[in-house]
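>>> Here is my input; please provide its structure:
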Amino acid sequence: MTIERNEIIRKDAEALQGLILVAKDVLGKTETRALERTLRYFAVSFANSSVAVATLCNDGFGADALKIARSMFETYVTFRYLLQRPKELNDFVAFDAIARYNRLQLYKAKFPRMYAMFSAEKIKAVNDKYNSVKKNFAGREGKIRGRWCPYSLAEMARITGCAEMYDLFYRHASSLLHVDPMGLTMLIDGKTLEIQPGPTPRHIGVAIRMAALVFHDTLVRYSKLIGADHSEALKRIDELIGGEIEVEGSVLGSLAEAF
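Just a heads-up that it's a prediction; the model follows:
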């Protein structure tokens, strides 16, 4: 790792290291109650993703780290939503049956060889489970919705108080993930008009900051839920997360400038 990249992400990387240590204690105990157990799974996934983000940022692959940070934000919104509306946990768990049924129908219609791998007993079990929960996801005309939650991610972000972060970060990261016109612009260097191969300091500041923010807040909220007191450690870590995010490299003003 170069000194240049180290200075951009030093405090956020230190924060993530501290969060991993706290997480080992907070998440080390399994939970038996459904809500706590589900949210713990989310928190553990954040720990894994945070390590991945830190590794990619350390190695200078910020654009790819940003894609993982984006998925962390999606999970974070779901975490916050279920924490705020625990009665909807049943729908979250039950929708697995809808997803499995839909997947099986895809195999049946387009991938018959894969469908043939399922036994009659397995197919019946999938169908029975689907039929037992489908009414929970049916609209007025009986059509089964395609998401466990009746709200879009943007609406869930608004409900949970994450709308500003959704608009500021998620839309930005989504452009890069899907390489839409703005996303492609973000990948092209303003001087060379080329996509620079890694390692490069581009995007590492934003990626690691988002990972640190999401992971920190998740541990704060989960600790409170299970009655674990790690407030002092989390407060010290919070002091590391902040300040301006450095933007490195020559930024292209618009995609048209590349032509």
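>>> low-scoring stretches of the stretch 1-150 of the chain, by residue?
Residue ranges of the stretch 1-150 of the chain with pLDDT under 70: 1-6.
>>> just the helices in it please.
Taking DSSP state H, counting those that start in this stretch to define them, one finds helices in the stretch 1-150 of the chain at 3-26, 34-58, 62-84, 89-110, 112-115, 120-133.
>>> Kindly export the fifth one (C-alpha atoms) in CSV.
By that I understand helix 112-115. Presented in CSV, the C-alpha positions along helix 112-115 are these (Å, rounded to 0.1, in the frame of the first residue of the first chain):
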residue,chain,number,x,y,z
PRO,A,112,-35.4,-28.5,-17.8
ARG,A,113,-32.2,-30.4,-17.0
MET,A,114,-31.8,-28.5,-13.8
TYR,A,115,-35.5,-29.0,-13.0
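>>> Quick one: list the elements packing against that helix.
When contacts are defined as 3 or more C-beta pairs under 8 Å, 6 or more residues apart in numbering; DSSP states H and E, helix 112-115 sits against helix 89-110. Where C-beta positions appear, they are placed from N, C-alpha and C, glycine not excepted.
>>> Quick check: which of the helices of the stretch 1-150 of the chain is buried the most?
helix 62-84 (a mean of 22; mean count of other C-beta atoms under 10 Å).
>>> which phi and psi does Ile188 have?
The phi/psi pair for Ile188 (degrees, to the nearest 10) reads phi -90, psi 130.
>>> scratch that, Asp229
The phi/psi pair for Asp229 (degrees, to the nearest 10) is phi -100, psi 100.
>>> give me every residue that touches it.
Under the criterion of C-beta atoms under 8 Å, 6 or more residues apart in numbering, the neighbours of Asp229 are Ser223.
>>> before we move on, the earlier item: quick one: the helices of the stretch 1-150 of the chain as a markdown table, columns for distance to Arg158 too.
Shown next, in a markdown table, are those (distance: least, C-beta to C-beta, whole Å):
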| stretch | distance to Arg158 |
| --- | --- |
| helix 3-26 | 27 |
| helix 34-58 | 20 |
| helix 62-84 | 10 |
| helix 89-110 | 19 |
| helix 112-115 | 39 |
| helix 120-133 | 27 |
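>>> Relative to Tyr222, which of those is closest?
Among the helices of the stretch 1-150 of the chain, the nearest to Tyr222 by C-beta to C-beta is helix 34-58 (5.1 Å).
>>> okay, which residue is most central for this structure?
The centroid of the chain falls nearest to Met72 when counting by C-alpha atoms, centre = their mean (1.9 Å).
>>> That one contacts His216, correct?
No. Judged on C-beta atoms under 8 Å, Met72 makes no contact with His216 at a distance of 11.6 Å.
>>> how far away is Val22 from His230?
Val22 sits 5 Å away from His230, taking C-beta to C-beta, to the nearest Å as the criterion.
>>> Then Ala43?
12 Å.
>>> where do the contact lists of the two overlap?
Both Ala43 and His230 are in contact with Val26, Leu219, where contact means C-beta under 8 Å, 6+ apart.
>>> Ile241 - that's part of a helix, no?
No. Counting by DSSP: H, G, I helix; E, B strand; the rest coil, one finds Ile241 to be coil, located in no helix.
>>> give the contact list for the closest residue to Lys129 other than its chain neighbours.
Counting by C-beta to C-beta, 6 or more residues apart in numbering, Lys129 lies nearest to Ala97, which is 4.1 Å off, once chain neighbours are set aside. Ala97 makes contact with Val126, Lys129, Tyr130, Ser132, Val133 under the criterion C-beta under 8 Å, 6+ apart.
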